[in-house]
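> starting from these lines, generate the structure:
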Amino acid sequence: MEIRSAVAIVTGGASGLGEACVRDLLAGGARVAVLDVAEEKGLELAGELGEKVVFLKTDITREDSVLEAVNKTVEAFGAVHVAVNCAGVGIPAKVIGKEGPMSMDHFKKVVEINLMGTMNVVRLAAEKMLDNTPNEDGEKGVVVNTASVAAFDGQIGQAAYSASKAGVAGMTLPIAREFAEYGIRVMTIAPGIFDTPMLAALPENVREALGQMVPFPKRLGKPTEFAGLVHHIIENPMLNGEVIRLDGSLRMAAK
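Numbers count the residues shown, from 1 in each chain. Next up, the predicted model:
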């Protein structure tokens with residue numbers, strides 16, 4: 001898929017990994033729809049980046065909200081070729097905490113946003129991709145989802161988060177196999193510890209310690225490095241149905 005002629009949807013695109021993807025795709029010549037609940041940040045970003053970027057306030061857990069955003073993207077730019085799912089939450093909670101068992105509302109919320117929200121965008125964006133004219137490989141679209149290394153070696157307090165991200169990883173191959181018939185590729189990235197707004201609030205010594213946990217390079221991942229892998233996935237037609245760890249060979253300890 002050639003980025004310079006593509007229309008992309010990026011969820012969680014107003015900050016962090018998503019924002020890095022928006023900027024990278026725009027620099028590559030794509031037109032981009034930023035889907036996020038953070039309206040102020042999203043409008044500011046779109047205003048900064050110009051007419052090839054639109055912000056669409058979107059709750060990925062709601063079918064009507066995502067459908068409206070997808071339709072508005074098509075209205076604005078004529079198609080949807082790429083969907084990058086970066087929206088998610090990582091609220092920690094022990095299964096048995098100081099106040100008793102984990103709230104099922106907490107578990108449901110994390111799974112609803114990270115897993116069901118991802119699926120909601122995948123299915124509605126892919127439906128629009130079916131209308132695209134295939135390229136010489138027969139390709140009509142590319143989906144890139146975001147899991148986490150926690151899907152494979154989650155820490156204490158990450159039961160809900162790990163379950164949701166393991167679900168994203170687990171559905172990658174079956175969706176890729178199904179979408180192969182339509183010329184739509186599906187990939188997932190499982191990032192390690194990245195320098196995102198979620199970590200920005202931590203004290204510098206804590207951030208430094210987290211970076212030192214990574215075997216090499218001994219630092220936090222840069223959002224631009226995540227965006228660079230998304231860029232490569234979109235442009236490499238042989239990447240399909242796989243989960244790529246982007247973590248500097250990090251394997252998370254139990255605590």
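> pretty sure residue 102 sits against residue 92.
No: assessed by CB atoms under 8 Å, residue 102 is found out of contact with residue 92, at 10.4 Å. In short, each C-beta sits where N, CA and C put it, glycine included.
> what are the phi and psi values at residue 238?
With angles defined as degrees, to the nearest 10, residue 238 sits at phi -90, psi -10.
> quick one: neighbours of residue 240, just the number.
Applying other CB atoms under 10 Å, we find 19 residues neighbouring residue 240.
> contacts for the helix or strand where residue 46 lies next, please.
Secondary structure from DSSP states H and E places residue 46 in helix 39-49. With CB atoms under 8 Å, 6 or more residues apart in numbering as the test, helix 39-49 has contacts from 13-15, 19, 22-23, 26, 32, 34, 36, 53-57.
> could you pull out the strands in the stretch 1-150 of the chain for me?
7-11, 31-36, 53-57, 82-85, 96-97, 100-101, 141-146 (DSSP state E, counting those that start in this stretch).
> I'd like those as TSV, with mean pLDDT, mean neighbour count and distance to residue 229 appended.
Formatted as TSV, these follow (pLDDT from 0 to 100; neighbours: other CB atoms under 10 Å; distance: least, CB to CB, whole Å):
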stretch	mean pLDDT	mean neighbour count	distance to residue 229
strand 7-11	98	29	14
strand 31-36	98	28	17
strand 53-57	98	21	21
strand 82-85	98	28	11
strand 96-97	96	10	35
strand 100-101	96	8	38
strand 141-146	98	26	9
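> would you turn those strands into JSON lines with distance to residue 107?
As requested, those are exported to JSON lines (distance: least, CB to CB, whole Å):
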{"stretch": "strand 7-11", "distance to residue 107": "21"}
{"stretch": "strand 31-36", "distance to residue 107": "24"}
{"stretch": "strand 53-57", "distance to residue 107": "26"}
{"stretch": "strand 82-85", "distance to residue 107": "20"}
{"stretch": "strand 96-97", "distance to residue 107": "12"}
{"stretch": "strand 100-101", "distance to residue 107": "10"}
{"stretch": "strand 141-146", "distance to residue 107": "20"}
